[in-house]
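# from the sequence below, what's the structure:
(chains A, B and C)
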Amino acid sequence: MYALIDVNSFYTSCETIWRPDLLNKPVVVLSNNDGCIISRSAQAKRLGVKMGAPYFQQKALLEREGVVVFSSNYALYGDMSQRVMTTLEAMCPRVDVYSIDEAFADLSGIGDLETFGRAIRDTVYQHTRLTVGVGIAPTKTLAKLANHAAKTWTKTGGVVDLSSPLRQRKLMALLPVSEVWGVGRRLSARLNAMGIENALQLAQSDIGFIRKNFSVVLERTVRELRGESCLAFEETPATKQEIISSRSFGKKVSDYKEVREGICTWAARAAEKLRAERQYCRYVSAFVKTSPHDAHAPYYSNRAGITLSTPTHDTRDILAAAVRCLEAIWREGLHYQKAGVMLGDFFSQGVAQLNLFDPYAPKANSEALMTVMDKLNQQGKNRLWFAGQGITQAWGMKREYLSPAWTTRLSDVPVCR
DNA sequence: TCTGGGGTCCTAGGACCC
DNA sequence: TCTGGGGTCCTAGGACCC
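So this is what the prediction gives:
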């Protein structure tokens, strides 16, 4: 059984903890550049303030209703998130941190689930003054649904135990498909057109039909709704596969130098993140966009990427590559709204640097790897750093090329992240 | 005038090789 | 030069999440 624990109105709650005078007042938090509303207190929601809406569109409403507005403070939210997760980790045997304000917990071996859910709620509140909702169910997708119910219906006291299939069906019949985790706007529209309107109908639809008309992703969702666990519990965070650093300019920019400056700043930031991950990258790309909202000018969005011959984490290399990309996509006379840098194709430093064989040969065979492993074991060097997709990618190899024999062998080696 | 900043996964289609 | 199928690899784009 899983629990999904998530903090109510996380960003606004973080702000109001330090401002008791704002308790029970309408409060919102804005995105970078004060562009959009990304968090609302319960009172702000009640006033009809929309999630994700541009600030300038809601400004009149906010002023009229006396809503208190904060710019975002990610350092604070990160810190508060840490405290919540630490509390959860102390209470639950295994915790899968899903985002800054939510985590799945494995509840196997716990007797009274609902009582335990309340204990989580109370303890997190004592430690952080933040209120969480707890949804309990046999799969992640159902736990999400239970959590939604816990938040929507106050009489639940913020905890919903959905272990019984009967209760699962009852709840699903009440919820529109759009509330299901993994079903967004587009999918909802398509499902509705086929007569699938609530979560229960989705759960009872034919797997083959879903697979044929949609994708394996939605198939997994359907199975999860039926109580078949398809999404793995991930205690250790997966290594990143790409790093993005980007920002809106907050105004229209047409000067090449100004855009280039932005690209350089973000390239440097991306390189920092890369080093913090102890990774090296081979792929560097830059992108620019004009405003998609401007009705008078045509929309332009482009990106270009370069694959370097050697993986690097050096700011200068990454910056130079990003500027070369920018030169390829730059168009004179446009008003740019946003630009950024993306890094990918990660490698890790480690065995590859022993030069026992060409680390980037695409089809290096598993025999060679076995030799490397043996040598490492002999030398007592059993600490490796793996890349994005584990060691397969560190060597520029595909998983298919690996024999099961040495995959097993690998599991004996401690992995450092 | 002002419209976030990250991420993930999957699929289709083109290039290329045999 | 024509024809064609099968396979791999890569990229772009779509959809979703918070």
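# any weak-confidence spans in chain A?
A:348-417 (pLDDT under 70).
# from the centroid of it, which residue is nearest?
For chain A, the residue nearest the mean C-alpha position is residue A:99 (6.0 Å; C-alpha atoms, centre = their mean).
# what residues are up against residue A:142?
A:135, A:162, A:168, A:224, A:225, A:227 (C-beta atoms under 8 Å, 6 or more residues apart in numbering). C-beta coordinates here come from the backbone N, C-alpha and C atoms, glycine included.
# which one of those residues sits closest to DNA strand C?
residue A:135 (11.4 Å; C-beta to the nearest atom of the strand).
# any idea how far that closest one is from residue A:234?
From residue A:135 across to residue A:234, the span is 18 Å (C-beta to C-beta, to the nearest Å).
# most neighbours among the contacts of residue A:142, which one?
Neighbour tally across those (other C-beta atoms under 10 Å): the maximum, 28 neighbours, falls on residue A:135.
# what does the helix or strand hosting residue A:247 contact?
In this assignment (DSSP states H and E), residue A:247 forms part of strand A:243-253. For strand A:243-253, the surrounding residues in contact (C-beta under 8 Å, 6+ apart) are A:32-33, A:35, A:258-259, A:262, A:266-267, A:269-270, A:273-274, A:277, A:281, A:287, A:291, A:335-344.
# restrict the residues you listed to contacts with DNA strand C.
Restricting the contacts of strand A:243-253 to those touching DNA strand C (C-beta under 7 Å from any atom of the strand) yields no residues.
# residues touching residue A:195, list them.
By C-beta under 8 Å, 6+ apart, the contact set of residue A:195 is residue A:201.
# shouldn't it be within a helix?
No - Residue A:195: not assigned to a helix; according to DSSP: H, G, I helix; E, B strand; the rest coil it is coil.
# ok, for the residue in the stretch 301-417 of chain A that DNA strand B sits nearest to, nearest residue in space, not its chain neighbours?
Here the residue of the stretch 301-417 of chain A nearest DNA strand B is residue A:337; by C-beta to the nearest atom of the strand that distance is 5.1 Å. Excluding its sequence neighbours, the residue lying closest to residue A:337 (C-beta to C-beta, 6 or more residues apart in numbering) is residue A:291, at 4.1 Å.
# can you tell me how far residue A:42 sits from residue A:335?
Relative to residue A:335, and taking C-beta to C-beta, residue A:42 is found at 39 Å.
# what's the burial count for the closest residue to DNA strand C within chain A?
Per C-beta to the nearest atom of the strand, residue A:184 is where chain A lies closest to DNA strand C, at 2.5 Å. For residue A:184, the number of neighbouring residues by other C-beta under 10 Å comes to 10.
# now residue A:11
So residue A:11, with other C-beta under 10 Å, has 26 neighbours.
# quick check, it in contact with residue A:39.
Yes - if you go by C-beta atoms under 8 Å, residue A:11 and residue A:39 touch, sitting 3.5 Å apart.
# between the two, which contacts overlap?
Common neighbours of residue A:11 and residue A:39 (criterion: C-beta under 8 Å, 6+ apart): residue A:29.
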